[in-house]
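Visitor: coordinates only, sequence not included:
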Ligand SMILES: O=P(O)(O)OC[C@H]1O[C@](O)(CO)[C@@H](O)[C@@H]1O
């Protein structure tokens with residue numbers, strides 16, 4: 001790997017922050033690395049997301065063909081999905097494309113405008129429909145299970161708009177990505193002849209960004225998919241190394257695990273680049289849904305997990321950093337730095353007298369943001385809070401693929417340290433079932449009765465104005 005990425009864990013250590021990890025704790029946990037490695041590698045067969053950087057040449061060719069059809073014929077591309085079926089597309093879009101992509105003229109964009117709708121807020125749905133012409137839009141409906149109520153209802157919106165307006169050729173405007181055989185959406189794709197891509201078996205939603213779930217968006221956006229997958233593949237090789245000293249995912253997993261054991265229950269991801277805020281959002285699902293578990297693998301109650309927080313530098317220096325430096329030692333802050341932004345921007349000489357600020361004249365915003373990162377890192381370390389830094393030499397497709405894969409590998413390894421199943425999400429089911437009941441779905445009558453039998457609210461604790 002050509003130093004696309006550097007990961008510095010120094011400020012996780014007790015010698016730099018009092019609440020940090022001691023060398024003795026590291027030595028003791030290191031003894032578990034062979035077991036962790038066996039666990040991670042043993043799951044390789046079922047966790048086929050590990051193979052995504054290597055096995056998709058044919059699928060990518062088909063995706064590129066479809067992306068060309070879309071970009072040649074349509075003005076807008078809309079992703080309908082939620083959780084892992086949307087966050088990867090959002091993260092790729094903002095990380096690797098122009099920050100005002102949709103506002104650029106078509107010739108500068110080189111493709112359709114790009115939108116991701118990952119909510120069912122009626123105002124958001126309507127807001128999008130207000131600005132796009134459905135006839136000039138392709139909707140990409142993504143749901144691995146094929147049953148997610150939010151995505152299924154969005155699909156209904158697209159169908160309603162498109163079928164009623166376009167009639168016979170309506171299937172041209174909708175593409176689907178779902179499981180190869182299960183769920184509603186698969187049946188509909190087969191019966192109506194929609195173009196459909198498959199979420200491969202063994203690829204869970206939050207680990208799916210490098211399969212058609214994220215790659216269709218990448219292709220429509222003209223992102224260099226080969227470089228993205230190469231970065232991920234190179235990182236897979238690095239993170240397949242059984243030696244802790246050479247495997248950054250194992251080090252990340254181990255230090256975060258040791259921190260959790262000390263009650264450090266918050267994981268802040270704070271990129272110093274607006275382009276990476278959605279990556280912090282993507283990581284939030286990865287880390288929260290994978291590690292937040294009630295039961296351990298042996299059936300014992302563990303209530304594992306760490307709450308992810310998204311922040312962005314420098315913006316959140318002026319809202320959250322006060323808490324990070326002086327508040328409780330209950331969090332790890334992972335700074336992400338971009339060493340070389342796409343733009344080099346000079347701070348101009350002011351044409352009026354601003355002599356107190358004149359030291360800034362002729363310097364660059366690049367140096368300013370880098371200095372603010374180092375300054376905040378210093379302040380947080382002085383404040384005694386664990387922190388670490390990931391530096392991307394450049395925010396390009398190669399480095400970005402490596403970053404995403406690194407975080408996936410670290411999550412998988414941390415699941416091994418915690419001895420939980422990092423690949424299920426049983427805790428999300430209860431809310432889904434209650435929603436079905438409240439929406440009157442057949443078969444959920446008992447749950448509906450249970451919900452309506454809930455104790456009355458104590459009016460003393462309800463304030464209405
Ligand atoms: O792709 P699907 O099946 O619609 O699921 C969307 C998201 O919902 C979850 O299953 C949680 O409810 C996530 O794990 C997943 O990423």
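Guide: Okay, I see it. Not measured: the values here are computed from a predicted model.
Visitor: residues contacting the residue of the chain most remote from its centre?
Guide: Farthest-out residue of the chain from its mean C-alpha position, per C-alpha atoms, centre = their mean: residue 353, at 45.1 Å. Residues near residue 353 by C-beta atoms under 8 Å, 6 or more residues apart in numbering: none. C-beta coordinates here come from the backbone N, C-alpha and C atoms, glycine included.
Visitor: if I look at it, how far off is the ligand?
Guide: 55 Å (C-beta to the nearest ligand atom, to the nearest Å).
Visitor: which of the three states applies to that residue?
Guide: coil (DSSP: H, G, I helix; E, B strand; the rest coil).
Visitor: against residue 347, how distant is it?
Guide: 16 Å (C-beta to C-beta, to the nearest Å).
Visitor: need the pLDDT of residue 1.
Guide: Among the per-residue scores, residue 1 holds a pLDDT of 43.
Visitor: and the helices in the stretch 301-450 of the chain?
Guide: With DSSP state H, counting those that start in this stretch, the ranges of helices along the stretch 301-450 of the chain come out as 321-326, 365-382, 397-418, 429-438, 445-452.
Visitor: between those helices, which gets nearest to the ligand?
Guide: helix 429-438 (6.6 Å; C-beta to the nearest ligand atom).
Visitor: on that earlier part again, of the helices of the stretch 301-450 of the chain, which approaches residue 38 most closely?
Guide: helix 397-418 (8.7 Å; C-beta to C-beta).
Visitor: other SSEs contacting that closest one?
Guide: strand 5-8, helix 33-42, helix 87-96, helix 225-238, helix 248-261, helix 277-291, strand 387-394 (3 or more C-beta pairs under 8 Å, 6 or more residues apart in numbering; DSSP states H and E).
Visitor: residue 447 against residue 433, yeah?
Guide: Yes: here residue 447 lies in contact with residue 433, judged by C-beta atoms under 8 Å, at a distance of 5.8 Å.
Visitor: who's more crowded, those two?
Guide: Neighbour count, other C-beta atoms under 10 Å: between residue 447 and residue 433, residue 447 has more, with 17 against 14.
Visitor: which non-adjacent residue is nearest that one?
Guide: residue 437 (3.7 Å; C-beta to C-beta, 6 or more residues apart in numbering).
Visitor: again, but for residue 60
Guide: residue 225 (5.6 Å).
Visitor: residues of the worst-scoring helix or strand of the chain on mean pLDDT that come out buried?
Guide: In the chain, no helix or strand scores lower on mean pLDDT, DSSP states H and E than helix 184-192, which sits at a mean of 88. For helix 184-192, burial by neighbour count (16 or more other C-beta atoms under 10 Å) applies to 185, 186, 188, 189.
Visitor: which one is the last one nearest to, not counting chain neighbours?
Guide: Among residues not flanking residue 189 along the chain, residue 196 sits closest, at 4.0 Å (C-beta to C-beta, 6+ apart).
Visitor: so that neighbour, which of the three states?
Guide: Strictly by three-state DSSP, residue 196 counts as strand.
Visitor: number of nearby residues for it?
Guide: Residue 196 - counted by other C-beta under 10 Å - has 18 other residues nearby.
Visitor: report the separation between it and the ligand.
Guide: 14 Å.
Visitor: wait, what's in contact with that residue?
Guide: Counted by C-beta under 8 Å, 6+ apart, residue 196 has contacts 175, 176, 177, 178, 186, 189, 190.
Visitor: so who does residue 203 touch?
Guide: Contact analysis of residue 203 by C-beta under 8 Å, 6+ apart lists 48, 49, 52, 144, 211, 213.
Visitor: rerun that using 6 Å as the cut-off
Guide: 48, 49, 211 (C-beta atoms under 6 Å, 6 or more residues apart in numbering).
Visitor: which among those residues gets closest to the ligand?
Guide: residue 211 (11.5 Å).
Visitor: what is the neighbour count of that closest one?
Guide: Using other C-beta under 10 Å, residue 211 has 25 neighbouring residues.
Visitor: need phi/psi at it.
Guide: When read as degrees, to the nearest 10, the backbone of residue 211 gives phi -110, psi -170.
Visitor: follow-up on the earlier one: widest-spaced pair of the buried residues of helix 184-192?
Guide: Among the buried residues of helix 184-192, 186 and 188 lie farthest apart (C-beta to C-beta), at 7.3 Å.
Visitor: within range of the ligand, give me the residues from the stretch 51-200 of the chain.
Guide: Counting by C-beta under 6 Å from any ligand atom, the positions of the stretch 51-200 of the chain adjacent to the ligand are 82, 83, 84, 85, 143, 144, 145, 148, 151.
Visitor: list the contacts of the third one.
Guide: Residue 84 makes contacts with 205, 206, 208, as judged by C-beta under 6 Å, 6+ apart.
Visitor: just to revisit the earlier point, so what does the least confident helix or strand of the chain touch, helix or strand wise?
Guide: strand 174-178 (3 or more C-beta pairs under 6 Å, 6 or more residues apart in numbering; DSSP states H and E).
Visitor: quick one: mean pLDDT over stretch 234-248.
Guide: 97.
Visitor: which residues touch the least confident helix or strand of the chain?
Guide: 143, 146, 147, 176, 178, 179, 196.
Visitor: roughly how far out does it sit from the chain middle?
Guide: How far helix 184-192 lies from its chain's middle: 28 Å, per C-alpha atoms, centre = their mean, to the nearest Å.
Visitor: mind checking which helix or strand residue 182 is in?
Guide: Counting by DSSP states H and E, no helix or strand carries residue 182.
Visitor: which of the contacts of residue 196 lies closest to the ligand?
Guide: Nearest to the ligand among those, with distances taken as C-beta to the nearest ligand atom, is residue 178, at 7.9 Å.
Visitor: where does the protein get nearest to the ligand, which residue?
Guide: residue 205 (2.5 Å).
Visitor: can you list the domains in this structure?
Guide: Domain ranges of the chain: 5-31+228-418, 48-223, per automatic domain parsing.
Visitor: so who does the residue lying closest to residue 33 once chain neighbours are set aside touch?
Guide: Leaving aside its chain neighbours, residue 33 sits nearest to residue 244 (5.1 Å; criterion: C-beta to C-beta, 6+ apart). Residue 244 makes contacts with 30, 33, 250, as judged by C-beta under 6 Å, 6+ apart.
Visitor: which member of the residues of the stretch 51-200 of the chain next to the ligand is positioned nearest residue 95?
Guide: Among those, and counting by C-beta to C-beta, the member closest to residue 95 is residue 84, at 16.5 Å.
Visitor: helix, strand, or coil at that closest one?
Guide: Quick answer, by three-state DSSP: residue 84 is helix.
Visitor: mind pulling up the pLDDT for the residue nearest to it when sequence neighbours are not counted?
Guide: Nearest residue to residue 84, sequence neighbours excluded (C-beta to C-beta, 6+ apart): residue 205, at 2.7 Å. Looking at residue 205, its pLDDT stands at 96.
Visitor: wouldn't residue 205 be in contact with residue 142 here?
Guide: No: using C-beta atoms under 6 Å, residue 205 makes no contact with residue 142, being 9.1 Å away.
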